[in-house]
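[1] Sequence and predicted structure are below.
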Amino acid sequence: MTLIQIVLLIAGGMSVFDTLCTAFGTAGTGGFGFRNDGFASFSPYIQWVVTIFMILFGVNFNAFYFILLRQFKKAVKIEEVKYYFLTILIAIGIISISILETSKGIFDALTHASFQVASIITTTGYSTTDFNLWSQTCKTVLVILMFIGACAGSTGGGIKVSRLVILFKTIRKELNSYIHPKSVQKIKVDGKPLDHEVVRSVNVYLITYVLIFSISVLFVSFDDYDLTTNFTAVAATFNNIGPGLELVGPASNFGFFSPLSKYILMFDMLAGRLELFPMLLLFHPEAWKDMFSKHRRPIKT
């Protein structure tokens, strides 16, 4: 997929260096920027190629595996992928309508909306315009996409669509249990029942996510910047997005934060990329205790 993107970008007139930076940044949904204006100065063709591949790299790779095996029905039936594309289409529709009046036409509005939606939901972080100037509705949609993230089994970050699917199904199951207390219900994903351990781990992950996020916003707020800046700065780093809103928008950076806030945001970037728990284990006393105790054991001869 990376090689195909490289070929398409070169065909669009992009230099080899820019092509490699773009392709690798897209494939890893890392969003390494090499121009101050992002992708605004590139042609619509280049923007659409990057948009499509950002979305593709945010898909659960199991779908591509089934496609390679020509098991198209299994690829299509993956619930997470369905909700992933549905979320993208809804977000593009809302933003396109909202920015239509300030755009050069329908195609221009659709291009900018699609690129920004793809960039944010896949946590790539590229931009073609300063979406900080868009309406509150557009910015709200983008912030929601920051938290949703891409699919599990992809290169994207965020909470992941699969976890949110399980969360909503858990809520529905609990509501049904209130109405029918004696009923026995199982949460199913892709037609298969989930073990209680899986549901429990998702719930624990989301609780941990909310706690770390809230504490991070609290510490960053000590710098006394506005709430939108603090909130989206944490959201952008914790979910590995890149740009946020207001003072940390796509046309700005994080340089003005205090050293304390920068360390908090660095921790959030690492924790978000490592799915929280591997990072938290580094601060667990028992983990260090076990490690040192193993080193102190005498070698048997």
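    Thanks, I have it. Numbering: from 1, shown residues only.

[2] And what about Tyr83, helix, strand or coil?
    helix (DSSP: H, G, I helix; E, B strand; the rest coil).

[3] what does Gly38 give?
    Classification of Gly38 by three-state DSSP places it in coil.

[4] go on, Leu142?
    Assignment for Leu142 (three-state DSSP): helix.

[5] in what helix or strand does the residue lying closest to it once chain neighbours are set aside lie?
    In space, and not counting its chain neighbours, Leu142 is closest to Ile120: 5.1 Å by Cβ to Cβ, 6 or more residues apart in numbering. (Glycine included, C-beta is placed from N, CA and C.) Element membership of Ile120 [criterion: DSSP states H and E] is helix 106-121.

[6] Return the set of buried residues in that helix.
    Using 16 or more other Cβ atoms under 10 Å as the test for burial, helix 106-121 gives 108-121.

[7] Show residues contacting that helix.
    31, 39, 44, 47-48, 50-52, 54-55, 58, 84, 87-88, 91-92, 95-96, 99-100, 103, 124-129, 131, 141-142, 145-146, 148-150, 156, 158, 241 (Cβ atoms under 8 Å, 6 or more residues apart in numbering).

[8] roughly how far is that helix from the heart of the chain?
    Mean-position distance between helix 106-121 and its chain equals 16 Å (Cα atoms, centre = their mean, to the nearest Å).

[9] Just the CA atoms of that helix, as CSV, please.
    Output in CSV follows, covering the C-alpha atoms of helix 106-121 (Å, rounded to 0.1, in the frame of the first residue of the first chain):
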residue,chain,number,x,y,z
ILE,A,106,-18.8,21.9,-3.7
PHE,A,107,-15.7,20.1,-4.8
ASP,A,108,-13.4,22.4,-2.7
ALA,A,109,-15.6,22.0,0.4
LEU,A,110,-15.7,18.2,-0.1
THR,A,111,-11.9,18.1,-0.6
HIS,A,112,-11.1,20.0,2.6
ALA,A,113,-13.8,18.2,4.7
SER,A,114,-12.7,14.8,3.5
PHE,A,115,-9.0,15.5,4.1
GLN,A,116,-9.5,16.9,7.6
VAL,A,117,-11.9,14.1,8.7
ALA,A,118,-9.5,11.5,7.4
SER,A,119,-6.5,13.1,9.1
ILE,A,120,-8.2,13.5,12.5
ILE,A,121,-10.0,10.2,12.8
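
[10] contacting residues for the most centrally placed residue in the chain?
    Central residue of the chain (Cα atoms, centre = their mean): Gly149, 3.0 Å from the mean position. Contacts for Gly149 (Cβ under 8 Å, 6+ apart) come out as 121-123, 156-161, 239.

[11] Show the average pLDDT along the helix or strand containing Lys289.
    Following DSSP H and E, one finds Lys289 within helix 285-296. In this model, helix 285-296 has a mean pLDDT of 70.

[12] next one: stretch 57-72
    Computed over stretch 57-72, the average pLDDT equals 91.

[13] Now do that stretch: everything it contacts.
    Stretch 57-72 is touched from outside by 1, 26-29, 74-75, 78, 80-81, 84, 118, 121-122, 124, 150-156, 162, with contacts defined as Cβ under 8 Å, 6+ apart.

[14] 7 Å instead?
    For stretch 57-72, the external contacting residues (Cβ atoms under 7 Å, 6 or more residues apart in numbering) are 26-27, 29, 74-75, 78, 80-81, 84, 121-122, 150-156.

[15] gap between the two ends of that stretch?
    Using Cα to Cα, to the nearest Å, one end of stretch 57-72 lies 18 Å from the other.

[16] thinking again about what came up before, the contacts of Gly149 in helices, which ones?
    In this view, those that belong to helices under DSSP state H are 121, 161.

[17] in the stretch 101-250 of the chain, which spans are helices?
    With helices called from DSSP state H, counting those that start in this stretch, the stretch 101-250 of the chain shows them at 106-121, 136-148, 161-179, 196-220, 227-238.

[18] who does the last one touch, helix- and strand-wise?
    Put plainly, it is helix 227-238. helix 136-148, helix 196-220, helix 259-273 (3 or more Cβ pairs under 7 Å, 6 or more residues apart in numbering; DSSP states H and E).

[19] can you give me the angle the first one makes with helix 196-220?
    Put plainly, it is helix 136-148. Angle between the axes of helix 136-148 and helix 196-220 is 130 degrees (criterion: axes from the mean of the first three to the mean of the last three Cα atoms, to 10 degrees).
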